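Participant: sequence plus predicted model, see below.
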Amino acid sequence: MKRLTVAVFVTLLALLMAGPSSAYVYQDNFETPWSPSNYAPGWDNEGYRWGDAPIATMQQTTTHYGSGNYGVKVTADSTPGGWEWWAVVYNTNIIHSAMAKQYDPYIKVMYYDDLGANKGGQLYAVPDWVVPDDWTDTQFGSRWNRSDNYYFVPGGSPTDGPWQSTGVARTEGWHELKMQLSSSDGYIHFFLDGVDVGHNNRNDLQNLDTGMLSVMFLPSTIGDKPFVIYDNFEAGSTSTVPLPGTVVLLGSGLAGLAFWRKRRAIFKG
């Protein structure tokens, strides 16, 4: 994270005004223009802990809407390493402490599946685990190399299992992707258009850390700048979150807001 942005303080003010019994909600419908920047306010390119990251950019778009309404096109713009098959943007404004397991945190987004060949789009998170250098990448959506169903990555160590099929066939159009970490059973549940289609295989994750939007692609297609269209991103909790003075403002006063996020362990293709 590079800096606190205005949106963080707006969110904090909303929590303070809402009172101690409020659930936390952060929303971005991408309706506010951000050109000439390559990133919507509160978003940035995701890094990679073992080298140069691919570069994803964000553009406002009316595709699949017509005039007057906007979504966001996440484009794989370049791959400095020359080998990558992914590009990701992450949200910088989500209040980390409000996404702890005890608050039943969730992230969700609308995703337009155009059934395009050699690309796919996923909602993505890297929850914290009790092991510092962990492998908790959690992905949910479509894959560039599978045209049959929607899939999710169960998270946990690399030996915990590959992609798992939801059993739901891909169809062209808008779909809601949602993942929620349950305080009751400890698992991340995956919801496709409101239907629970499976859960991860580790119940000792500590939070639902970071909301990310990704585009996967066949590496040889990077010259075509593959893209995926999203809209109506949301992160929050369904359980009540205490006032920021008791949860968010920790230590030096802003530790619950500005935290150094761990970079992704590995992107499972």
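Facilitator: Here it is on my side, so go on.
Participant: can we go C-alpha only for contacts and neighbour counts from here?
Facilitator: Noted.
Participant: longest strand in the protein, please.
Facilitator: The residue-count maximum for a strand in the chain (DSSP state E) belongs to strand 227-237.
Participant: which elements pack onto it?
Facilitator: Secondary-structure packing of strand 227-237 (3 or more Cα pairs under 8 Å, 6 or more residues apart in numbering; DSSP states H and E): strand 25-28, strand 71-78, strand 105-113, strand 119-125, strand 212-217.
Participant: out of those, nearest to residue 223?
Facilitator: Residue 223 sits nearest to strand 71-78 of all these, at 8.1 Å, using Cα to Cα.
Participant: packing partners of the host helix or strand of residue 191?
Facilitator: Here residue 191 sits within strand 188-192, counting by DSSP states H and E. For strand 188-192, the packing partners by 3+ Cα pairs under 8 Å, 6+ apart come out as strand 173-181, strand 195-199.
Participant: pick the most buried one from these.
Facilitator: strand 173-181 (a mean of 22; mean count of other Cα atoms under 10 Å).
Participant: who touches the closest residue to residue 187 other than its chain neighbours in this structure?
Facilitator: Leaving aside its chain neighbours, residue 187 sits nearest to residue 203 (4.7 Å; criterion: Cα to Cα, 6 or more residues apart in numbering). Residue 203 is in contact with 185-188, counting by Cα atoms under 8 Å, 6 or more residues apart in numbering.
Participant: which of those residues are buried, as a ChimeraX select command?
Facilitator: With 16 or more other Cα atoms under 10 Å as the burial test, the buried ones among the contacts of residue 203 are selected in ChimeraX as follows:
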select :186,187,188
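Participant: can you pull the contacts of residue 122?
Facilitator: Going by Cα under 8 Å, 6+ apart, residue 122 touches 139-143, 213-216.
Participant: could I get the residues you listed in TSV, plus columns for neighbour count?
Facilitator: Output for the contacts of residue 122, formatted as TSV (neighbours: other Cα atoms under 10 Å):
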residue	neighbour count
139	26
140	26
141	26
142	25
143	23
213	26
214	27
215	26
216	26
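Participant: looking at those, spot the one nearest residue 207.
Facilitator: residue 139 (15.0 Å).
Participant: picking that back up, in a markdown table: the helices and strands packed on strand 227-237, plus mean pLDDT.
Facilitator: As requested, the helices and strands packed on strand 227-237 are exported to a markdown table (pLDDT from 0 to 100):
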| stretch | mean pLDDT |
| --- | --- |
| strand 25-28 | 96 |
| strand 71-78 | 96 |
| strand 105-113 | 97 |
| strand 119-125 | 95 |
| strand 212-217 | 96 |
